[in-house]
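Engineer: Got a sequence here, can you model it:
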Amino acid sequence: MFPDRTNPRLACDAMCGGLARWLRALGIDASYTLDIDDADLVRHALAECRTVVSSDMRLFHRRLFTAGQLHGLLLPVGLRLAEQIRFAVEQLHLHVTDPRCTLCNGQLVRVAREEVGDVVPALSLLHGRNFHRCTTCRHVFWEGSHWKKITLVRESLLPPTPPGIPSREQKIG
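Structural biologist: Down below sits the predicted model:
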């Protein structure tokens with residue numbers, strides 16, 4: 001595991017669900033609630049010391065933001081999802097760490113194939129090598145075909161590894 005205490009905890013607004021899921025795949029603690037209103041988002045972010053991520057400029061005119069009590073990242077309107085990911089990573093100086101549950105933001109722990117045989121499809125169970133379970137929602141993840149895309153995005157955001165040193169991705173596997 002690669003705990004990263006330099007990444008801020010994020011609170012994504014109701015229109016940033018896709019971004020939240022991708023940030024979680026990158027290992028970023030990103031909360032997201034479907035249809036959350038601005039007041040609840042602000043209360044949540046303040047209570048949990050989270051940086052708000054939104055493309056709603058009016059949200060950032062609230063006194064908590066202008067007084068510096070709450071921090072936020074304004075996403076430019078019109079960015080595609082891949083551009084949103086890159087923008088958030090660059091602007092917030094985020095670091096790729098161990099993936100989190102893309103469904104609920106919980107921590108993932110590695111589990112043995114035998115522990116998940118009742119919930120993983122037979123072919124995935126047969127061909128899969130690494131299985132993970134969320135400690136919060138108990139959902140099981142494995143490195144299926146979708147993982148190739150996730151790995152490409154993760155690797156594109158990792159800093160270059162000096163020669164002779166195993167990359168973080170190699171260590172995670």
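
Engineer: Find the nearest non-adjacent residue to the most centrally placed residue in the chain, please.
Structural biologist: Nearest to the geometric centre of the chain sits R24, at 1.5 Å (C-alpha atoms, centre = their mean). Counting by C-beta to C-beta, 6 or more residues apart in numbering, the nearest residue to R24 once its immediate chain neighbours are dropped is R100, at 4.3 Å. Any C-beta I mention is one placed from the backbone N, CA and C, and that applies to glycine too.

Engineer: which residues does that neighbour form a beta bridge with?
Structural biologist: Beta bridges link R100 to Q107, judged by DSSP bridges.

Engineer: these two touch, right, it and Q107?
Structural biologist: Yes. The criterion here is C-beta atoms under 8 Å, and R100 meets it with Q107 at 6.5 Å.

Engineer: Looking at these two, which has the bigger crowd around it?
Structural biologist: Legend: neighbour count by other C-beta atoms under 10 Å for R100 and Q107, higher for R100 (22 against 15).

Engineer: Now do the contacts for the more buried one.
Structural biologist: Listed by C-beta atoms under 8 Å, 6 or more residues apart in numbering, the contact partners of R100 are 24-25, 27-30, 106-108.
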